[in-house]
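Visitor: for reference, the sequence and a predicted model appear below.
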Amino acid sequence: MGRYATGVCVVAVPDPAADPDHGPSGMTVNSFVSISLEPMLIAWAIQNSSSQFARYTKAPAFTVSILAQDQHRLARRYAARGDSERDLADFSLSKGGLPVIAGALGHMECRRWSLYPAGDHTMIFGEVIGIERGPDASPLGFFGGEFCRIDH
């Protein structure tokens, strides 16, 4: 599967306790996919053994931030297990008040639509309720187990 090139996103959920000292959680994913335009639906997959599984599958809303080529260090940070490497400076708030990655190419605010078991992962479907475009730059890619350039 590593021979299939993908884009790279960070999915974020707000702190369920609204604790400003704890802040949002972010998770790097490359399983993001557009599903439907009417209604606008997206999906991504979370590993069932993830330390953040309950937080993400129970969140009523989440965001997807599409990373730019120069955000590979940030992508690596949020690919680590748990929240140990989180940096609150990486986040800003969307127009709807949800956490997004600052400087991303764009982001989508989503309301959880449904969950589907998929082997050792669970697919999380979201209805896009807000979308914003970021700076015009090249996206970050992932291929063969490494981050890569996607020129446009």
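Guide: Cool, the structure landed.

Visitor: neighbours of Cys110, just the number please.
Guide: Look at Cys110: counted by other CB atoms under 10 Å, it has 27 neighbours. Quick note: C-beta positions are derived from backbone N, CA and C, even for glycine.

Visitor: what does the one 10 residues further on give?
Guide: When counting by other CB under 10 Å, one arrives at 9 neighbours for Asp120.

Visitor: what of Ile35?
Guide: Applying the criterion other CB under 10 Å, we find 15 residues in the vicinity of Ile35.

Visitor: need the residues that contact the strand or helix carrying it.
Guide: Here Ile35 is covered by strand 33-37, with elements defined by DSSP states H and E. Identification of contacts with strand 33-37 by CB atoms under 8 Å, 6 or more residues apart in numbering yields Leu41, Ile42, Ala43, Trp44, Phe125.

Visitor: over to the closest residue to Ala5 other than its chain neighbours: give its phi and psi.
Guide: With CB to CB, 6 or more residues apart in numbering as the criterion, Ala5 has its nearest non-adjacent residue at 4.2 Å, and that residue is Phe143. Comment: the main-chain dihedrals of Phe143 come out as phi -150, psi 130, following degrees, to the nearest 10.

Visitor: Arg111 versus Phe143, what's the distance?
Guide: To Arg111, Phe143 is 31 Å away according to CB to CB, to the nearest Å.

Visitor: do Thr28 as well
Guide: Distance from Thr28 to Arg111, counting by CB to CB: 22 Å.
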